[in-house]
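Novice: just need the structure, nothing else, for what follows:
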Amino acid sequence: MNLKGEPAFVGRHCGSHRYLVTPELARFYADALDDPSPRYESIAPPLLFHSECYKVLGEWYLANLFGNLHARQDWELYGEIPIGGTVRTRSTIIERYHKRGRDYVVNETDLVGEPDGRLLVRGRTHQSFLPKRDGAAAPARSGFVVDEQTARQKAPAAPFPTATGPELAPRKKLVDARRCWMFSGPGRNYHTDAEEARKLGFPNIVVQGMMSTCFVQQLMHDSFGAGWTVGGRMSLKLTNVLWVDESVTVRGRVAEEVPEGPSRRVHCQVWVEKDDGTRVALGDASALR
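Specialist: Okay, the predicted model is just below:
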């Protein structure tokens, strides 16, 4: 029970949906991400339902949408999603916290198979919100919460990567307006439309942070195959804004390989960087071999 009248409380069930996993859904995803794996003929991309948590915004988002940003994303992969199968989702608020002047809400979304209820994919989305100040969020000098100049002025981060193992084959991506629409549409929002972005305090289309996690998914899937789709893990911090029409390279490097039951788990450091070296996402990912 919510005793304080706050809609976004820990333990709140935010919704559930049922889907038929069609070949068309898998092909649309592959086209949107430029991820043409031949394995998607029989199994769906592991992050096919990457934005399921955002279909229930009213259940877990805070009231002030001005300047909200996706801060961190965790993925755990437990089973392959069969083409032609049926899945169900469930979304729950599992945490709230305050950090560096922002309020955070964590949504955990599970994807389970039907009719057996087997857990296939679990995602945890950390969304950050600006508290209102005198009735409005405080903008940057430009009038925006974040723009290209302020994004470049972030304090230097700790060295990354520190891993010294083999490098995973990198992937180059151009994130144009078409890709933004396919990934974050079909409606107009700050991930698909510049005018909508300005309403929320950004000068141009903000590429949805979830897209960077899908790019890393492709890197790991191409490198480890079934060892990624069953047993894969990813935890990414979204460290800078990616704007429409920017290019990024998705990279990874092996940190260590350790025994795990009859298999071995390969731990990697992964990141997504712009052409000028700015990191928009970085963190850890692992798969079985």
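Novice: give me the phi and psi for residue 210.
Specialist: When read as degrees, to the nearest 10, the backbone of residue 210 gives phi -60, psi -30.
Novice: likewise for the one 5 residues further on?
Specialist: Backbone geometry at residue 215, expressed as degrees, to the nearest 10, gives phi -60, psi -40.
Novice: how many neighbours does it have?
Specialist: For residue 215, the count of nearby residues is 23 (other Cβ atoms under 10 Å). For the C-beta atoms, the positions are set from N, CA and C on the backbone; glycine is no exception.
Novice: quick one, what contacts the spatially most central residue of the chain?
Specialist: Note on the chain: the residue nearest the mean C-alpha position is residue 210, at 2.6 Å, using Cα atoms, centre = their mean. Residue 210 makes contacts with 47, 50, 51, 70, 73, 183, as judged by Cβ atoms under 8 Å, 6 or more residues apart in numbering.
Novice: same question for residue 36.
Specialist: So residue 36 contacts residue 30 (Cβ under 8 Å, 6+ apart).
Novice: SS state for it?
Specialist: coil (DSSP: H, G, I helix; E, B strand; the rest coil).
Novice: separation between it and residue 222?
Specialist: Using Cβ to Cβ, to the nearest Å, residue 36 is found at 10 Å from residue 222.
Novice: flag every buried residue along stretch 224-244.
Specialist: Within stretch 224-244, the residues scored as buried using 16 or more other Cβ atoms under 10 Å are 224, 227-244.
Novice: let me fix that: stretch 54-62
Specialist: Here stretch 54-62 shows 54, 56, 59, 60, 61, 62 as buried, counting by 16+ other Cβ under 10 Å.
Novice: from those residues, which is closest to residue 197?
Specialist: Taking Cβ to Cβ as the measure, residue 54 is the one of the buried residues of stretch 54-62 closest to residue 197, at 15.8 Å.
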